[in-house]
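Asker: Take this sequence and fold it.
(2 chains)
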Amino acid sequence: MRMTPVSRSQQRRLGFDIFFHGLLWLCALVVLALLGGLILLMATGGWKAFTTFGLGFFTHSSWNPVHDVYGVIAPLLGTVVSTTIAILFALPMAFGAAFWLTFIASARVSAIVGMTIQLLAAVPSIIFGMWGFLVIVPFIARNIQPFFNHHLRHSAFGPLLSGPPVGTGLMAAGIVLAIMIAPFMTAVMTDVFKAIPPMLRESAFGLGATRWEVMHKIVVPWSRNGMIGAVVLGMGRALGETMAVTFIIGNVTTVGWSLFAPRSTVASLIALQFPESPAGSLRLSSLMALGFILMLLSCVSLVLARFLRGKRQ
Amino acid sequence: MRAPMKQAVAVHELGSNVAQRDRWSLGRKALRRRIVDYLATGASIAAAGVLLLVLASILWSLLSRGLAGVSWATLTRPMGPPGSGGGLANAIIGSILQTGLALLMAAPVGLMCGIYLSEYGRKGNYFASTVRFVADVLMSAPSILIGLFIYQLLVAPFGHFSGFSGAVALAVLALPVIVRTTEDMLRLVPTAMRESGAALGAARWRVTLFLCLRSARKGVMTGVLLALARMGGETAPLLFTSLGNQIMSLNMNKPMASLPIAIYQYAGASYDDWVQLAWTGALLVTFGVLLINITVRLASRR
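Answerer: A predicted model of the protein is given here:
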């Protein structure tokens, strides 16, 4: 077969195609460069802290700007505990809401309520912070803490549940975080539930199973991985949340048992101490190192969520 | 295939349990099953109810506290010392300038990256799947870290905070959102459309821009708007980049005010008029963000 000669206009067209492809490729490269730069700058910024304190950075429990000694135990514990509280509150809420939306509510009601819950996820986090500061913190300070302090101080849970009745602290932060991540987890779980083959559910109902039985014998086993994926995604959000937590956690860098005492988290510590940390100081470097650790945590939770959701299919 | 088998066995057991019993008399076990069922259903309705109640409570506290401060003076006067009758004008303008500039930076890059992933990065392209994964990592990265990153990149080397660096930080936040929605929307365009374009002799870039992007423009706009909504309420990345400013300033090379930062600075203040301004700002931000989201959802449903 004879090759048709390529005309000049065709040549130009092909040339532009290659240029177009290259331009798109460059833009894709920008995304890679951003994450690479983020991790690199965080690591170099925190290098000074890592080399100064070595392993002590991870084991030292005090964060002391006066003596210029920094250890990440206190903020790290704060992040872990507040995130755990958030998951414990958010999981039943999200599961219940998702179950209701997919299996109980009528399509019309489900669409409207589903959209409203989605809107809750779009509210900026600083608004949750203000709302938590105004509504949740006074409620805990006035109603919950005096009750616990009075009745449970000497019980086995006393050290966990008693504390100065100020309202701010891990519990308040955990509750507000739970409310922030619950809509998000509801959305993911609704998707997971919708992927359950209707045949399974309907045959169970057909055999006379109640809703509860369908829920814990069909829905839960079938969507276990997807639900764990939703939890891990929610966890990733709660870990890095800054503005809401900064308002309500009380920001004290101590370690202790009480869930009702003011503490701090990695993100809230960065937000609050950054303005007081001069450029080039060990303190700023320690904050960068904290940021690096937070980035790693966030990456790990994303990879984990991906892995779990991928396994289901 | 193992999972469905297991389900089937579970279903079978359930069935035999039910069949053994006389359906019409409520035995002890049947009563228990019914009560447990009511409790579970009730709990799941309550869960959805709590979420709705919280949204209502947030909107109520915003409206009841913020609405009092919405006035012509608040919208037109810059921030000022307590008691001086300051407003939020500089913060509103700063927010608009920074998010606008951020969108100008993020939208073209994000669109093109999304086009790359959808048109050139199908199965087997490892570069594309890496970019896809990295975009997801960036999307879920804590926003305060984006702030630290841009601080290290654009603030520390130049020695001063600037509205420009704030815009860059917001652009980094918006980019992955735009990338992923653009890709998803372009994937919905049927292959037949690309093929018919190519069959008519159109170059690939023409097919991509004037057929695929054109037919997916509504969805792509959705992504851009959602990114805008996400940027509008972000506070953490601006803390370390544009810092906030008390006076009216249009200079992108100087520290610049923004609504979320103003809320953050004023909400914890001990002056009543500052707290009032914080609530008014919160009301403006929330309703702006919700308005964009509602518009997007209503438009994409049709």
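
Asker: In the stretch 151-300 of chain A, what residue lies closest to chain B?
Answerer: Proximity to chain B, evaluated over the stretch 151-300 of chain A using Cβ to the nearest Cβ, is greatest for residue A:240 at 2.4 Å. (Glycine included, C-beta is placed from N, CA and C.)

Asker: and that residue, how many neighbours?
Answerer: By other Cβ atoms under 10 Å in any protein chain shown, 26 other residues sit near residue A:240.

Asker: Residue B:261 now?
Answerer: Per other Cβ under 10 Å, the neighbour tally for residue B:261 reads 26.

Asker: Enumerate every residue touching it.
Answerer: Residue B:261 sits next to B:91, B:235, B:238-239, B:242-244 when contact means Cβ atoms under 8 Å, 6 or more residues apart in numbering or on different chains.

Asker: likewise residue B:260?
Answerer: A:124, A:126, A:243, B:95, B:233-235, B:238, B:281, B:285.

Asker: If we use 10 Å, what do you get?
Answerer: Residues in contact with residue B:260 (Cβ atoms under 10 Å, 6 or more residues apart in numbering or on different chains) are A:124-127, A:243, B:91, B:95, B:231-239, B:244, B:281-282, B:285.

Asker: before we move on, which element is it in?
Answerer: Counting by DSSP states H and E, the element that carries residue B:260 is helix B:259-267.

Asker: Over to residue B:73?
Answerer: helix B:72-76.

Asker: List the buried residues of that helix.
Answerer: residue B:74 (16 or more other Cβ atoms under 10 Å in any protein chain shown).

Asker: is any part of that helix close to chain A?
Answerer: No: Helix B:72-76 lies out of reach of chain A by Cβ under 10 Å from any Cβ of the partner chain, never closer than 17.3 Å.

Asker: what comes into contact with that helix?
Answerer: By Cβ under 10 Å, 6+ apart, helix B:72-76 touches B:85-89, B:92, B:276-277, B:280-281, B:284.

Asker: who's in contact with residue A:211?
Answerer: Residue A:211 is in contact with A:99, A:103-104, A:204-205, A:219, B:36-38, B:40-41, B:44, counting by Cβ under 10 Å, 6+ apart.

Asker: Just give the number of residues close to whichever residue of the stretch 201-302 of chain B sits closest to chain A.
Answerer: Per Cβ to the nearest Cβ, residue B:233 is where the stretch 201-302 of chain B lies closest to chain A, at 2.4 Å. Number of residues near residue B:233 (other Cβ under 10 Å) recorded here: 23.

Asker: tell me the phi and psi of it?
Answerer: Torsion angles at residue B:233 (phi, psi; degrees, to the nearest 10) stand at phi -100, psi 0.

Asker: Next: residue B:87.
Answerer: The phi/psi pair for residue B:87 (degrees, to the nearest 10) is phi -120, psi -150.

Asker: any weak-confidence spans in the stretch 51-200 of chain A?
Answerer: Residue ranges of the stretch 51-200 of chain A with pLDDT under 70: A:156.

Asker: what about the helices in it?
Answerer: Under the criterion DSSP state H, counting those that start in this stretch, the stretch 51-200 of chain A carries helices at the ranges A:56-59, A:73-99, A:107-122, A:125-131, A:137-139, A:145-151, A:158-161, A:170-194, A:198-206.

Asker: got it, and the stretch 1-150 of chain B?
Answerer: Counting by DSSP H, counting those that start in this stretch, the helices of the stretch 1-150 of chain B are B:2-20, B:28-66, B:72-76, B:89-115, B:126-140, B:143-150.

Asker: quick one, the last one and helix B:126-140 angle?
Answerer: Between the axis of helix B:143-150 and that of helix B:126-140 there is an angle of 110 degrees, by axes from the mean of the first three to the mean of the last three Cα atoms, to 10 degrees.

Asker: sorry, back to before: return the most buried member of the helices of the stretch 1-150 of chain B.
Answerer: helix B:143-150 (a mean of 28; mean count of other Cβ atoms under 10 Å in any protein chain shown).

Asker: elements contacting the following helix or strand past that one?
Answerer: Next in sequence after helix B:143-150, counting helices and strands by DSSP H and E, comes helix B:163-187. Judged by 3 or more Cβ pairs under 10 Å, 6 or more residues apart in numbering or on different chains; DSSP states H and E, helix B:163-187 is in contact with helix A:8-53, helix B:89-115, helix B:126-140, helix B:143-150, helix B:213-215, helix B:217-232, helix B:236-239.

Asker: Turn those into a markdown table, including distance to residue A:289.
Answerer: Converted to a markdown table, the helices and strands packed on helix B:163-187 look like this (distance: least, Cβ to Cβ, whole Å):
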| stretch | distance to residue A:289 |
| --- | --- |
| helix A:8-53 | 3 |
| helix B:89-115 | 28 |
| helix B:126-140 | 19 |
| helix B:143-150 | 11 |
| helix B:213-215 | 43 |
| helix B:217-232 | 28 |
| helix B:236-239 | 18 |
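
Asker: Those helices: which one's closest to residue A:304?
Answerer: Residue A:304 sits nearest to helix B:126-140 of all the helices and strands packed on helix B:163-187, at 11.6 Å, using Cβ to Cβ.

Asker: Just checking the closest one against chain A, any contact.
Answerer: Yes: residues of helix B:126-140 contacting chain A under Cβ under 10 Å from any Cβ: B:127-128, B:130-140.

Asker: now these as TSV including pLDDT and distance to residue A:69?
Answerer: Converted to TSV, the residues of helix B:126-140 next to chain A look like this (pLDDT from 0 to 100; distance: Cβ to Cβ, whole Å):
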residue	pLDDT	distance to residue A:69
B:127	92	45
B:128	93	46
B:130	93	40
B:131	94	41
B:132	92	42
B:133	92	38
B:134	94	36
B:135	94	39
B:136	92	37
B:137	93	32
B:138	93	34
B:139	91	36
B:140	90	32
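
Asker: would CSV of the helices of the stretch 51-200 of chain A with distance to residue B:258 and mean neighbour count be doable?
Answerer: Converted to CSV, these look like this (distance: least, Cβ to Cβ, whole Å; neighbours: other Cβ atoms under 10 Å in any protein chain shown):
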stretch, distance to residue B:258, mean neighbour count
helix A:56-59, 34, 14
helix A:73-99, 26, 23
helix A:107-122, 18, 16
helix A:125-131, 11, 26
helix A:137-139, 25, 17
helix A:145-151, 35, 15
helix A:158-161, 40, 16
helix A:170-194, 21, 25
helix A:198-206, 48, 16
